[in-house]
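**Q** Return a 3D structure for these sequence lines:
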Amino acid sequence: MLNSHRAVRIESTVDIINQRYCEALTLEELAFRACYSRWHFLRAFEEETHETPFDFLRKRRLYAAGYRLLSDTLLSMADLSIQTGFQCASSFSKGFRRQFGMTPSEWRAEGWRDWAALQPLQAPPPAGQDTLPNTQQEYDADRVYQIDPRHLQIEIVPEQPVAYKRFRGVWGEALRNTIQSALRIAPLPHPCFLGVRQDLLHLRGPTESCYDVCIPVRPGTQPPGIVSVGRVLGGLYAVFRPQLGDPSLSWRSLLHSWPSQGRFVFDPRRSMVDRYTQHGDILHCDAQYLPIMLRPV
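**A** Down below sits the predicted model:
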């Protein structure tokens, strides 16, 4: 769970981009948050994330738009461009085509599946291992299930302060082992932990994948050591609670099961959250939180 000073600073600006991507963020604002000069911030951000700040912001906006296209079939392109931080619909359409090789309309009409099928599914093997993790299952359409939406409860969930560790490029089967290793050396008690991801459909692939392991803490708590501190949850969610012994659903299944023309739509500004508890040697997902919002008018 421990981080370097640089990682704590940079990940705090990543959190700002993830939460406020629809706003006109400036380099000065991000550098100030990280307590760096502009030049040092640019260098540190790229070394930590392997992207420039504005490449990261651009992708965050475009992936958020991709999710909204799939989860809200009534949303117009003009409204979508504004809600994802673009100044006009034409710049949004050009950027979307450059990123995904198709128009937003083609993406919405199941074109995203064709795009995903062409992406490299295999991450580099972990250090010391010759075999690659099985990542094909992340895209396997046979693993997407339709469940009765009545099994999803709409709840207002309070905000939760957390200490967290962000893992980049950890993918597929290797993720569970990495999480358990991190928890074993965590400097805090953890009867439960929250797993947080922004990339609902695994669109960013193995090398850009990002997963936060979060331990709930009391408000105002400063954990020992160099640890990132933030907040998760907070707001309106569709909540699915698997029974002990039942497998958790993939996020694709949850999104696929949510009514795309209902009163509430998926909110890509907030993270998807899994809540895990330990039952003996079994790590059980006992709640999955899909962020939703009232359909904008």
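**Q** Quick check: closest non-adjacent residue to Leu74.
**A** Gln261 (6.0 Å; CB to CB, 6 or more residues apart in numbering). C-beta here means a position set from N, CA and C on the backbone, and glycine is covered the same way.
**Q** burial count for the one you found?
**A** Gln261 is flanked by 9 other residues according to other CB atoms under 10 Å.
**Q** same question, Gly66
**A** 23.
**Q** In contact with it: list those residues for me.
**A** 96, 100, 107, 112, 201, 203 (CB atoms under 8 Å, 6 or more residues apart in numbering).
**Q** Surely the third one is in contact with Arg68?
**A** No. Checked against CB atoms under 8 Å, the pair Trp107 and Arg68 is beyond contact range at 10.6 Å.
**Q** Doesn't Met293 belong to a helix?
**A** No. Going by DSSP: H, G, I helix; E, B strand; the rest coil, the assignment for Met293 is strand, not a helix.
**Q** That one against Phe264, yeah?
**A** Yes. Shown here, Met293 and Phe264 form a contact pair, counting by CB under 8 Å, at 6.6 Å.
**Q** So if I had to pick from those two, which one is more boxed in?
**A** Shown here are Met293 and Phe264; by other CB under 10 Å, Phe264 has more neighbours (18 against 15).
**Q** Give me the spatial nearest neighbour of that one, chain neighbours excluded.
**A** Phe264 sits nearest to Ile292 (CB to CB, 6+ apart), 4.4 Å away.
**Q** can you pull up the bridge partners for the one you found?
**A** Phe266 (DSSP bridges).
**Q** these two touch, right, it and Leu255?
**A** No. Counting by CB under 8 Å, Ile292 does not reach Leu255; the two are 10.5 Å apart.
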